[in-house]
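[1] Pasting the sequence and the predicted coordinates here, then a few questions.
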Amino acid sequence: MAEANAPDFSGVTETPERLKFDEAALDRYMKKHVDGYSGPLSVEKFKGGQSNPTYLLTTSERRYVLRRKPPGQLLPSAHAVDREYRVMTALGARGFPAPRTYALCEDPDIIGTAFFIMDFVDGRIFWDASLPDVKASERRALYFEIVDVIAQLHLIDYEAAGLSDFGKSGNYFQRQIDRWSKQYKAAETADIAPMNRLIDWLPTAIPTDDAVSIVHGDYRFDNVIFDSTGPKVRAVLDWELSTLGHPLADFTYFLMVWHFPPTIRGGLAGLDLAPLGIPSLDEAVARYCEKTGRKTLADFDFCLAYNMFRLASIAQGVYARALQGNASSPEGMKMGESVAPLATMAWEYAKKAGA
């Protein structure tokens, strides 16, 4: 999936007309519901964010972030800002690096759609997984830190965190394949043969291992804020796709970066990693297994096929919303170009898994 360059996709911009809202109404709401808040308030939209529009809220005292459902007709079960708010609040209480949350508003009369407010976390976001702006001697530590944090997530006791009903326990792959197949068909704009084959094959090849943990659902470098000076994750962002699920589905989603070419999310395929100071795929897997107590990652090719299929389905949904005029970012129109290549790549891994 081709991504915009970081200068085009990071930072803030003036809010486009279709995504503006009543800032005075938000100010009144925050005075009532956000501890320590005082105006006046200025609002800018972050350039990134394909799904839920995200805004920087600035006062004289501090900065906040607002995430909201987009306006317009939405796909079923998508844009669940209430779930994002809930999981970040629960994880923050368990010592996991999630932004502090302040308020969830499900009343559409305030700014037009449901939204929540969280802390603004300053630091570094890496849009290119090859980390071109980082010294080679520092890259390995950054990679191991991001692996350690997803391992930490998967080890959290979701029942003790109050998230036992955050998703259905077990049978994760079956439910996700069904969900993303339906989402894809609901947003379909062209007939893509590998997607059709994957929809038929994936349900027949589900692994027998049925582990359950909290899963992020979109874990990658550009959804993580690192400390500005060292290899420490300060916050994990964008929890819209989080649920109770299979930890290996979550981790192998992150591992796709080793299989993508540099044109897809700054992928690592074809790069000589050792002189770049980037761990090999095997080293990343070994680090995760060490932190979680696993001996190996089973069903690896199936997991990659599943994740690439899922990513293609997500891209198709973003593209369909862009055609309707209510995607959060103009980059949504480019998403349509990525669906067929992702589906083709997914089918290659499906064949390795026995399809």
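    Okay, I see it. Residues are numbered from 1 along each chain as shown.
[2] can you map out the helices along the stretch 201-350 of the chain?
    Here the stretch 201-350 of the chain has its helices, by DSSP state H, counting those that start in this stretch, at 247-255, 273-276, 281-292, 300-324, 336-352.
[3] okay, those helices in JSON lines with mean pLDDT, mean neighbour count and distance to I117 next?
    The way it works is simple: take the backbone N, C-alpha and C, and place the C-beta from them, glycine included. Below are the helices of the stretch 201-350 of the chain laid out as JSON lines (pLDDT from 0 to 100; neighbours: other C-beta atoms under 10 Å; distance: least, C-beta to C-beta, whole Å):
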{"stretch": "helix 247-255", "mean pLDDT": "95", "mean neighbour count": "24", "distance to I117": "26"}
{"stretch": "helix 273-276", "mean pLDDT": "97", "mean neighbour count": "13", "distance to I117": "39"}
{"stretch": "helix 281-292", "mean pLDDT": "96", "mean neighbour count": "16", "distance to I117": "32"}
{"stretch": "helix 300-324", "mean pLDDT": "92", "mean neighbour count": "23", "distance to I117": "24"}
{"stretch": "helix 336-352", "mean pLDDT": "93", "mean neighbour count": "20", "distance to I117": "32"}
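[4] Quick one: closest of those helices to R197.
    Closest of the helices of the stretch 201-350 of the chain to R197 is helix 336-352, at 6.0 Å (criterion: C-beta to C-beta).
[5] Including distance to V121, could the helices of the stretch 201-350 of the chain go into JSON lines?
    JSON lines is the format used below for those (distance: least, C-beta to C-beta, whole Å):
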{"stretch": "helix 247-255", "distance to V121": "20"}
{"stretch": "helix 273-276", "distance to V121": "27"}
{"stretch": "helix 281-292", "distance to V121": "23"}
{"stretch": "helix 300-324", "distance to V121": "24"}
{"stretch": "helix 336-352", "distance to V121": "29"}
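[6] quick one: F144 and I278 touch, right?
    No: look at F144 against I278 with C-beta atoms under 8 Å: they stay out of range, at 10.6 Å.
[7] Which one's more surrounded, these two?
    Taking neighbours as other C-beta atoms under 10 Å, F144 and I278 compare with I278 leading, 23 against 17.
[8] Distance of the nearest residue to that one once chain neighbours are set aside relative to A269?
    Distance criterion C-beta to C-beta, 6 or more residues apart in numbering; nearest residue to I278, sequence neighbours excluded, is R139 at 5.2 Å. Using C-beta to C-beta, to the nearest Å, R139 is found at 17 Å from A269.
[9] between those two, who's got more neighbours?
    R139 (21 against 14).
[10] what about the more buried one, which helix or strand?
    helix 136-155 (DSSP states H and E).
[11] what does the next helix or strand after that helix contact?
    Per DSSP H and E, the first helix or strand lying C-terminal to helix 136-155 is helix 172-187. Outside helix 172-187, the residues within contact range by C-beta atoms under 8 Å, 6 or more residues apart in numbering are 75-78, 168, 195, 199, 202-203, 206-207, 210, 212, 244-246, 249, 306, 309-310, 312-314, 316-317, 319-321.
[12] nearest to E240, of the helices of the stretch 201-350 of the chain?
    helix 300-324 (10.2 Å).
[13] Out of the helices of the stretch 201-350 of the chain, flag the one nearest E106.
    Between the helices of the stretch 201-350 of the chain, helix 300-324 lies closest to E106; by C-beta to C-beta that is 21.2 Å.
[14] Would you mind pulling up the elements that that closest one packs against?
    On a contact count with 3 or more C-beta pairs under 8 Å, 6 or more residues apart in numbering; DSSP states H and E, helix 300-324 meets helix 172-187, helix 193-201, helix 247-255, helix 336-352.
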